[in-house]
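# How does the following fold in three dimensions:
(3 chains)
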Amino acid sequence: MSSLERSDVARLAALARIDMTDDDLDRLSGQLSAIVDAVAQVSEVAGQDVPATSHPIPMANVHRADVVIPSLSQQAALSGAPDAEDGRFRVPQILGEEA
Amino acid sequence: MTDWTRKTAAQMVEAMAAGEVTSSELVRAHLDRIAAVDGPETPSAVHAFLHIDADGALATAAAVDADRAAGVELPRLAGVPIAVKDVLVTKGLPTTAGSRILEGWIPPYDSTVASKIRAARMPILGKTNMDEFAMGSSTEHSGYGPTHNPWDLERIPGGSGGGSAASLAAWEAPLAIGSDTGGSIRQPAAVTGTVGVKPTYGGVSRYGAIALASSLDQLGPCARTVLDAAMLHEVMGGHDDMDATSLDEPVPACVDAAREGASGDLTGVRVGVITELGGSNDSGEGYQAGVKQRFEESLDAMRAAGAEIVEVSCPSFVYALAAYYLILPSEASSNLAKFDSVRFGMRVEKATIEKTMGATRAAGFGDEVKRRIILGTYALSAGYYDAYYGSAQKVRTLIQRDFAAAFEKADVLVSPTAPTTPFKLGERIDDPLAMYLNDVATIPANLAGIPGMSLPSGVAPEDGLPVGFQILAPAHEDARLYRVGAALESLLAARWGGNLIAQAPELEVSK
Amino acid sequence: MSQMTYNDAVERFDPVFGIEVHVELNTKTKMFCGCANEFGAEPNTQVCPVCLGLPGSMPVTNEKAVESAIRLGLALGCSIRESSRFARKNYFYPDLAKDYQISQYDEPTCYEGSLDVVLDDGTVVTIGIERAHIEEDAGKNTHVGGTGGIQGADHSLVDYNRGGVPLVEIVTKPIEGMGDRTAEVARAYVATIRDIVRALGISDGRMEQGSVRADVNLSLRPKAADGEDQSAVPFGRRSETKNVNSLRAVERSIHHEAGRQAELLLAGEPVVQETRHWHEDTSSTTPGRSKEEAEDYRYFPEPDLLPVEPSREWVEELRLTLPEHPAKMRARLREEWGFSDLEMRDAVAADALGLIASTVAAGTTAQSARKWWMGELARTANEQDVALPDLPVTPAQIAELQGLVDSGALNDKLARQVLEGVLAGEGSPTAVVASRGLAVVSDDSALEAAVDEALAAQPEVLDKIREGKVQAAGAIVGAVMKATRGQADAARVREIILQRAGVEG
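Here you go, the predicted structure:
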């Protein structure tokens, strides 16, 4: 549960969609391992009967009314697009499957 | 001939009201200053700015001047120029968050805070430099090259908001907007001899602030004086329907508090020194001698002004750095997934979208960002959640409890803002862990969501470089920071014959 | 290659199945932003920084979507969690604007329910509901080049209009013990969900339009030996079938999958745990891209949103707004309307219950309403290959039409012509009567003139009538009807003829 192996880093980089060269993997693995070891000390707290805090200031039920707000124009929506066609964002071939 | 760049924002407001200067003159003076010290072609090359919008700033100024002449009522800070950290989305102005992956992106919408600045009719001078996606403590991780500390150009200006702090210390802007996730406003303020405030979490809208760690990020005011910061805080703050985490309460009365505190009277104020952050029997190995000395002297000044100094212990702080460096990367790894080459930003096109995403993110993100994304991906991974992210969230609860107990005994808590004065550029860049130690004192406030301020407490005798004093207040009590901060500022200014920033060395300017 | 049939498969193995249904809510706006939630707009015109995933954007929860989800959960007999948080489901895909979906993970708003499903023969099956949670939809990828499908496409185009639309995902517990009725039960379950969401008014519930989507899981396990408890036999490996776009597909995909899996098992081969796609045209499933490992979604609580904590009072208020359960409603209507079992079943199968009910509410008798909807209109719908509700005529118009018949202004034949006109878009029944001049003629002078003309052409008829052959009047009635293009008031015509003959009618 502590150090990160090079193969771990490679797997995580793939999951995070960041290509890595062998040099990258070498360099990062070393640095990451040191960090992981250092931060692993929080697991000492894991067993404690303490609730987790995900929001620093406790609030609940913050909702918005079901009322339409004007959208961006198609032009504004596409304004940053690296590639667009027919009013849509164009991407190269998708390998993965439909959701 | 008045050098308007040396004035405070409060002075500029008065002068414009008195007809002594126009907003256009102010803007031109600052644009001239920027041209003289900021760019790579200048001798000083501070590089606080990534983008300068001279036309836009002058247009806003001209409109304010015209309306003032016509007797139209103007917002308090109308016409006072301001610099904006490039983490804030500004419609029509390039926004990069210090990253190459957003190079050239012109947002089609405005962040809430940018809207407020425009509604306040403040000319936006430009966007300031920062560590890429606010990950860093030195601005050395900017994708566009570092910013230099105006006190010593070979040193870091702090981070991630080094650009905003440097713009103030170099007299390029009287006010700036920063963001603080683990100290990114406060630590740069400390190492540049300026003032920076992180509001209570939710006190300022995050809508349109490019997210790093959603549960830790806050935008805040940066200035050279406590009163100036207070005025900007009141413009920035307030509930926003577009940010579900924004507080549903009125903006704190920061300006009144700052004015009240300026008398320097601290009678009855209980000031708690946090043992674990530079207190008497602290783990003070990491704290530079000059930093500790100035801290103690500031405490003396407060004591002499009637404050009661007590010591409080927050034992869970020993886990704070570790918890932070798990929570932040985890949330960031998810927040940064949207930079996928599809809808905006850089695209390195390959045969498939999967390959395109991988290649784009490899080319567009710097090392520190990649490190943190990998770390965060790991901490959230199946099988590790409980040990890492889940445990870190528990540490958060412990830290909140420690603060709650401490605030029973003290009205404000104090510590040195950063363990050392600004180090040299390049000194820690290859040692991430050493870099992370800069944030040891500032991180707990972000984990707990409480507000914090850094203001100058002097220069370290050994190197003549700025030292910052951190004040923390309970959640929702931002005004208290301004009251106590203004008092300390006043006491120290009496000692120095003026604010510390006046002691900054003069920068060499372009002819 | 023909594979083992469903019947053989469920003869030799015990099927266990589960269904995940995604319901698109009909709120006015999206789940986390104020963009309109409407079908059919130009691409990327119903998007904003939030649903486009632009840097700096932040979600805010739609209160109506929360309300609809709670009502759906209550209708499914679920408990409503006192505090539930949204969670991020992290994965990369072009139609997912933020490259994470905001969903719910370990704290779904609704959990632990059950639903009674009534099969065609009246058998009631209780389906356990694991959870119903709230999430947002993704955008739409269109593949260009190749066959238009994802395989072999050259590039893809993404439209985010649908991105961010509110969804409720309903997950059943594993359903066992249905044997050869598995496919039927699965279909009936999805149909019931569809009926419920329509009855609640939270979704238009149209599978063809994608507002109700089903993913069907199926696994087979060996039949228990004699004396052995079937439920103690461990589950087999299951496959998940997506792209199941109709009730018919729900049933048929199970038929196919059962056969496919049974064959594998009998050949000693393992069933791969995978996602498959249903193909309507070939009635088969094909595997999705194989993955070396299950996707790691790295769920964590959504930091930009606050917990949903519906007060118990509000939940009870919402419970009072629930409409009747569809099966109970059907039983009640059958009794009120006096339909036979067959009539009721046909009406349900034709999706005509609501139409009949609305027509009755507009003033007809149930039998009259049924006559129109299950008769002329059902025939028309069939010919045009559309669903009954899609015909361009409303229950109110049918009631108006029947009213004209009841008052004698139209006879049945004319009424059918008027209906034709309404369906053709010529306007309301009254308007069509006027514009086409189809009203029954009951003006005596006109009728008398027509009768006299017809009698002049067939003078012998009067004599026959006087002789007692009253039915001879029919020929004159026929002639008058022909002359008036069916618009004469036949009864009155007959009266006039008899008067001319000097005979009592």
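# Now do the SS call for C:Val21.
Assigned by DSSP: H, G, I helix; E, B strand; the rest coil, the conformation of C:Val21 is strand.
# Now it: closest residue in space that isn't a chain neighbour?
Closest residue to C:Val21 apart from its sequence neighbours, by C-beta to C-beta, 6 or more residues apart in numbering or on different chains: C:Ile170 at 4.7 Å. Backbone N, C-alpha and C define where each C-beta goes, glycine included.
# Residues contacting the helix or strand containing that neighbour, please?
Using DSSP states H and E, C:Ile170 sits within strand C:166-172. Strand C:166-172 is contacted from outside by C:18-25, C:27, C:30-31, C:37, C:62, C:65, C:68-69, C:72, C:76, C:103, C:127-137, C:189, C:193, using C-beta atoms under 8 Å, 6 or more residues apart in numbering or on different chains.
# Report the buried members of the residues you listed.
C:18-25, C:27, C:30-31, C:37, C:62, C:65, C:68-69, C:72, C:76, C:103, C:127, C:129-137, C:189, C:193 (16 or more other C-beta atoms under 10 Å in any protein chain shown).
# Pull up the residues of chain A that are close to chain C.
Residues of chain A found near chain C (C-beta under 8 Å from any C-beta of the partner chain) are A:15, A:17, A:54-55, A:59-69, A:71-74, A:77-78, A:80, A:85-99.
# which of those residues count as buried?
In the residues of chain A next to chain C, the ones that pass as buried (16+ other C-beta under 10 Å) are A:15, A:17, A:54-55, A:61-64, A:66, A:71-72, A:74, A:77-78, A:80, A:88-94, A:96-98.
# in the stretch 1-150 of chain B, what spans have low per-residue confidence?
Counting by pLDDT under 70, the stretch 1-150 of chain B contains no low-confidence range.
# Let me see the contact set for the closest residue to chain C within it.
Nearest residue of the stretch 1-150 of chain B to chain C (C-beta to the nearest C-beta) works out as B:Val89 at 4.2 Å. Going by C-beta under 8 Å, 6+ apart, B:Val89 touches B:Thr95, B:Pro107, B:Tyr109, B:Asp110, B:Ser111, B:Ala114, B:Gly208, B:Ala209, B:Ile210, C:Leu54, C:Pro55, C:Gly56.
# and if you look at B:Gly272?
Listed by C-beta under 8 Å, 6+ apart, the contact set of B:Gly272 reads B:Val310, B:Glu311, B:Val312, B:Ala406, B:Phe407, B:Lys409, B:Ala410, B:Asp411, B:Val412, B:Leu413, B:Val414.
# in what helix or strand does C:Lys101 lie?
Lys isn't right for residue C:101; it's Gln. Here C:Gln101 is assigned to strand C:100-103, by DSSP H and E.
# Repeat that for C:Ala132.
Per DSSP H and E: strand C:124-136 holds C:Ala132.
# quick one: secondary structure of C:Val216?
strand.
# so how far is chain A from B:Glu506?
40 Å (C-beta to the nearest C-beta, to the nearest Å).
# Report how many residues lie close to that residue.
Neighbour count of B:Glu506, defined by other C-beta atoms under 10 Å in any protein chain shown: 8.
# ditto for C:Asp229
What C:Asp229 shows, counting by other C-beta under 10 Å, is a neighbour count of 8.
# Can you name the residues of chain C that neighbour chain B?
Contact residues (C-beta under 8 Å from any C-beta) of chain C with chain B: C:48-49, C:52-61, C:88, C:90, C:92, C:94, C:97-100, C:156, C:158, C:296, C:298-300, C:303-306.
# Just the residues you listed: which are in helices?
Among those, none falls in helices (DSSP state H).
# which one's the longest helix in chain A?
Under DSSP H, chain A gives helix A:22-39 as its longest helix.
# just to revisit the earlier point, emit the PyMOL select command for whichever of the contacts of B:Val89 are buried.
In PyMOL syntax, the buried subset of the contacts of B:Val89 is picked out as below (16+ other C-beta under 10 Å):
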select buried, (chain B and resi 95+107+109+110+111+114+208+209+210) or (chain C and resi 54+55+56)
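# Narrow the contacts of B:Val89 to those in strands?
Judged by DSSP state E, strands contain none of these.
# which residues does C:Leu52 contact?
A:Leu72, A:Ala77, B:Arg343, C:Ala97, C:Tyr160, C:Gly163.
# C:Gly163 and chain B, how far apart?
Taken as C-beta to the nearest C-beta, the span from C:Gly163 to chain B is 11 Å.
# meant to ask about A:Pro92
A:Pro92 is 5 Å from chain B, by C-beta to the nearest C-beta.
# contacting residues for B:Val87?
If you count contacts by C-beta under 8 Å, 6+ apart, B:Val87 has them with B:Ala97, B:Gly98, B:Met130, B:Phe133, B:Ala134, B:Ser160, B:Ser179, B:Ala209, B:Ile210, B:Leu212.
# Most widely separated two among these?
For these, the farthest-apart pair by C-beta to C-beta is B:Gly98 and B:Ala209; their separation is 13.3 Å.
# residue ranges with poor pLDDT in the chain?
All of this refers to chain A. A:1-2, A:46-47, A:96-99.
# not quite, I wanted chain B
Across chain B (using pLDDT under 70), the flagged ranges come out as B:279-285.
# Backbone dihedrals for the residue located most distally from the centre of it, please?
Using C-alpha atoms, centre = their mean, the residue of chain B lying farthest from its centre is B:Ala351. It sits 41.7 Å away. Phi and psi for B:Ala351, reported as degrees, to the nearest 10, are phi -70, psi -30.
# I'd like to know how far it sits from A:Leu95.
9 Å (C-beta to C-beta, to the nearest Å).
# OK, contacts around C:Val16?
Here C:Val16 is in contact with C:Pro174, C:Ile175, C:Glu176, C:Leu218, C:Ser219, C:Leu220, C:Arg221, C:Phe235, C:Gly236, C:Arg238 (C-beta under 8 Å, 6+ apart).
# if we go to 6 Å?
C:Pro174, C:Glu176, C:Ser219, C:Phe235 (C-beta atoms under 6 Å, 6 or more residues apart in numbering or on different chains).
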